[in-house]
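>>> Show me the folded form of this:
(4 chains)
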Protein chains: 2
Amino acid sequence: MKEIFGPAPAPAALAAKVRTLAPSMTRSMQRVAEAVAADPAGCAALTVTGLAELTGTSEATVVRTSRLLGYPGYRDLRLALAGLAAQQQSGRSPAVTADIAVDDPIADVVAKLAYDEQQTLADTAAGLDMAQLSAAVGALAAARRIDIYGVGASGLVAQDLAQKLLRIGLVAHAHSDPHLAVTNAVQLRAKDVAVAITHSGSTGDVIEPLRVAFERGATTVAITGRPDGPVTQYADHVLTTSTARESELRPAAMSSRTSQLLVVDCLFIGVAQRTYETAAPALSASYEALAHRHTPRAGGTAARR
Amino acid sequence: MKEIFGPAPAPAALAAKVRTLAPSMTRSMQRVAEAVAADPAGCAALTVTGLAELTGTSEATVVRTSRLLGYPGYRDLRLALAGLAAQQQSGRSPAVTADIAVDDPIADVVAKLAYDEQQTLADTAAGLDMAQLSAAVGALAAARRIDIYGVGASGLVAQDLAQKLLRIGLVAHAHSDPHLAVTNAVQLRAKDVAVAITHSGSTGDVIEPLRVAFERGATTVAITGRPDGPVTQYADHVLTTSTARESELRPAAMSSRTSQLLVVDCLFIGVAQRTYETAAPALSASYEALAHRHTPRAGGTAARR
DNA sequence: CCGAGACGTGAAGGAAATTTTCGGACCAGC
DNA sequence: GCTGGTCCGAAAATTTCCTTCACGTCTCGG
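Numbering: from 1, shown residues only, chains lettered A, B, ... in the order given. Prediction:
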């Protein structure tokens, strides 16, 4: 009997991982990663030397790329590749997803967007580090106070998380004003938690308050698409969101938001589970508090003017 | 020297092949074949030496068995094994259909959430009325001014839409303060568009400004999960979001948000397409304006305190 | 404009894996 | 007990993989 559970490299999340880590790769490594992502089956049939020649690089680069993707060496990457190829083979052939074009009919836009977001969700789920997530949940559940930082599109996600945590009785606040965020971060102490949400991983306005919180001894969590970005310097726990390819009409903010929200939801559910005794009544209380805000039913038809 | 082996090694029919060929095997080879068939995943993790030790045989025997099974050597058998393991792995994941329970491990929570949200996306895309969507897009693209109403969780979606439309040069504003929303709605005229976002379809704070806008002659759009709700009285175009079942730990806000965001994205892309001439440069301009807000690269490791 | 430093890269050598070779062990039959 | 055959594994031979190191290139600061 063999137990290879914990440190086992991700099985299916390879394509997602390639996209996530691509920005932090050098040119040569990108070529290798690209080849691997494009044709897992083909690459699985190649030796280190073969893949190096195919991509016009050296064996060392291939090994380096394998390491970056989370495997101990090329040998294990190759095994994962074989597995991936088998899955693709047996699984449905993924419908060809071209980029969204200017002249796409609206129905195609809907289909492509839905498909892309589904893909993003799958990638994110596959790429999430359960240990980190679990640790972050634990910290949040026990927190005296929670500060959440995010600006721009990520600011909305930050607010979403804050709203949810408030609903289950935690003390959470989302800051999108960098100055206020920093001044609030100074107040944090050991039992507190600070969460930074930034897709790029390098948004100064978000990193700065997290740094302050980190130095104050608070537990810090980063939700980012760049696990190698500056923000992770000051993060005790890093939750990686996936990055879909983006096109001219489809800015990165769109898929990153989907990914971030999934992570946020997972955090929320996790915390709700751990604090179930207090969370459940708080949830229903907040629900009932809003009931009278909904008008019972539609009347007739309205007349304009 | 390289030889091309004629018959490609079968990937999935391995267990059958083991049984078929077992009689023609010697005792030691049978032990190897048996181990391989019993635990493909485990054996895939072993080297030749490891498998030889596990089965109490020698490396040579392992290679001989591989040959008999139709592979050029153990290396290729191992690859096939990894593929088989991946297939088996992917085959079993039907546990996600259940509701999220209090004692679910965190990994299950992630899987279930991702699955549910994927389902929600598919449902929403399938249920969207293209004619209504198209009409709404047309109204937005030609609008002089756009007001968006939403409170609570839907308020964040409203802000998301406003952010996006602003980015492509439209005049859009999200209101979550009901009073301000109404006072602003009074200003709307024929060429303007008002969008109301409410899952329940009966949120008074959102219906009220929409009614005002409607009576002022503005084009009104409702994004709601209840196409028969009160809000649709005052909506020229109704975009229906899907509703997933909710459980105690998973409030409706979660899936409705996913659904609403997809609709909002569709609106955005649709508008961006129609106003491409102005949208494209506006998008890249807003992107560049933020570039300097990102610190270039990570330094070393941070020290707490 | 130039130099110092850091980074990316591949070549070569070393380690580990796989495959082959070869000799010994076992088992009939003579 | 010997002989021929088959089966098996230890160790050599080979391929594959990994590590080290030096060279080229780029960047940043003066």
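
>>> Could you pull out the buried residues of the helix or strand encompassing A:S66?
Assessed by DSSP states H and E, A:S66 sits inside helix A:59-68. When burial is assessed from 16 or more other Cβ atoms under 10 Å in any protein chain shown, helix A:59-68 yields the following buried residues: A:T61, A:V62, A:V63, A:R64, A:T65, A:S66, A:L68. To be clear about C-beta, it is placed using only N, CA and C from the backbone, and glycine gets the same treatment.

>>> Find the residue closest to the first one in space, skipping its chain neighbours.
Read that as A:T61. In space, and not counting its chain neighbours, A:T61 is closest to A:S28: 4.7 Å by Cβ to Cβ, 6 or more residues apart in numbering or on different chains.

>>> Also the fourth one?
Computed as Cβ to Cβ, 6+ apart, the closest residue to A:R64 that is not its neighbour in sequence is A:M29, at 6.2 Å.

>>> same thing with A:D228?
The shortest distance from A:D228 to any non-neighbouring residue, by Cβ to Cβ, 6+ apart, is to A:S24 (4.4 Å).

>>> In contact with the one you found: list those residues for me.
Applying Cβ atoms under 8 Å, 6 or more residues apart in numbering or on different chains, we find A:S24 in contact with A:L68, A:R226, A:D228.

>>> what do you get for A:S242?
Each residue near A:S242 by Cβ under 8 Å, 6+ apart is listed here: A:A16, A:R19, A:T20, A:T120, A:D123, A:T124, A:G127, A:G225, A:S255, A:S259.

>>> Next one: it from A:D76, what distance?
Distance, A:S242 to A:D76, using Cβ to Cβ, to the nearest Å: 22 Å.

>>> Also A:T232?
Note on A:T232: its distance to A:D76, by Cβ to Cβ, is 24 Å.

>>> More neighbours: these two, which one.
Taking A:T232 and A:D76 together and counting by other Cβ atoms under 10 Å in any protein chain shown, A:T232 has the greater number of neighbours (23 against 18).

>>> thinking that one is in contact with A:V238, fair?
Yes - A:T232 is within contact range of A:V238, at 5.0 Å (criterion: Cβ atoms under 8 Å).

>>> quick revisit: for the buried residues of helix A:59-68, which one is nearest DNA strand C?
Nearest to DNA strand C among these, counting by Cβ to the nearest atom of the strand, is A:T61 at 4.1 Å.

>>> got a pLDDT number for the closest one?
With respect to pLDDT, A:T61 has a value of 93.

>>> My understanding was that A:T219 contacts A:R145; is that so?
No - in terms of Cβ under 8 Å, A:T219 does not count as a neighbour of A:R145; the distance is 11.2 Å.

>>> more neighbours, the two?
Set side by side, A:T219 and A:R145 show more neighbours around A:T219, with 24 against 17, by other Cβ under 10 Å.

>>> how about the helices in the stretch 151-300 of chain A?
Secondary structure of the stretch 151-300 of chain A (DSSP state H, counting those that start in this stretch): helices at A:153-167, A:178-185, A:204-215, A:252-274, A:276-291.

>>> ok, now the stretch 1-150 of chain A?
A:14-21, A:27-38, A:40-44, A:48-55, A:59-68, A:74-90, A:106-127, A:130-141.

>>> how about those helices, which one is nearest A:G152?
helix A:106-127 (18.2 Å; Cβ to Cβ).

>>> And the residue of the stretch 101-250 of chain A that's closest to DNA strand C?
Counting by Cβ to the nearest atom of the strand, the stretch 101-250 of chain A gets nearest DNA strand C through A:D228, at 10.6 Å.

>>> On the pLDDT front, check that residue for me.
pLDDT for A:D228: 82.

>>> show me what contacts A:V195?
A:V195 sits next to A:L140, A:I146, A:D147, A:I148, A:Y149, A:A158, A:L161, A:T220, A:V221, A:A222, A:I223 when contact means Cβ under 8 Å, 6+ apart.

>>> ok, 6 Å please
Counting by Cβ atoms under 6 Å, 6 or more residues apart in numbering or on different chains, A:V195 touches A:I148, A:V221.

>>> For it, give the beta-bridge partners.
Beta bridges link A:V195 to A:I148, A:V221, judged by DSSP bridges.

>>> That one and A:A139: what is the separation?
As judged by Cβ to Cβ, A:V195 and A:A139 stand 9 Å apart.

>>> Ok, A:D99 next?
39 Å.

>>> of these two, who's got more company?
Using other Cβ under 10 Å, the more surrounded residue of A:D99 and A:A139 is A:A139, with 22 against 13.

>>> Now do the contacts for A:E117.
A:E117 makes contact with A:T258, B:L121, according to Cβ under 6 Å, 6+ apart.

>>> again with A:L69
A:K17.

>>> and if you look at A:T55?
A:R31, A:V32, A:A35.

>>> List the buried residues for stretch A:137-153?
Using 16+ other Cβ under 10 Å as the test for burial, stretch A:137-153 gives A:137-141, A:143, A:145-153.

>>> for stretch A:31-48, same thing?
For stretch A:31-48, the neighbour count (16+ other Cβ under 10 Å) marks A:R31, A:V32, A:A33, A:A35, A:V36, A:A37, A:P40, A:C43, A:A44, A:L46, A:V48 as buried.

>>> Please report the distance of the fourth one from A:D99.
Distance from A:A35 to A:D99, counting by Cβ to Cβ: 21 Å.

>>> Next: the last one.
If you measure A:V48 against A:D99 using Cβ to Cβ, the figure is 33 Å.

>>> By proximity to DNA strand C, which residue of chain A wins?
The nearest approach of chain A to DNA strand C comes at A:T26, 2.7 Å away (Cβ to the nearest atom of the strand).

>>> Backbone dihedrals for that residue, both of them.
Phi and psi for A:T26, reported as degrees, to the nearest 10, are phi -80, psi 170.
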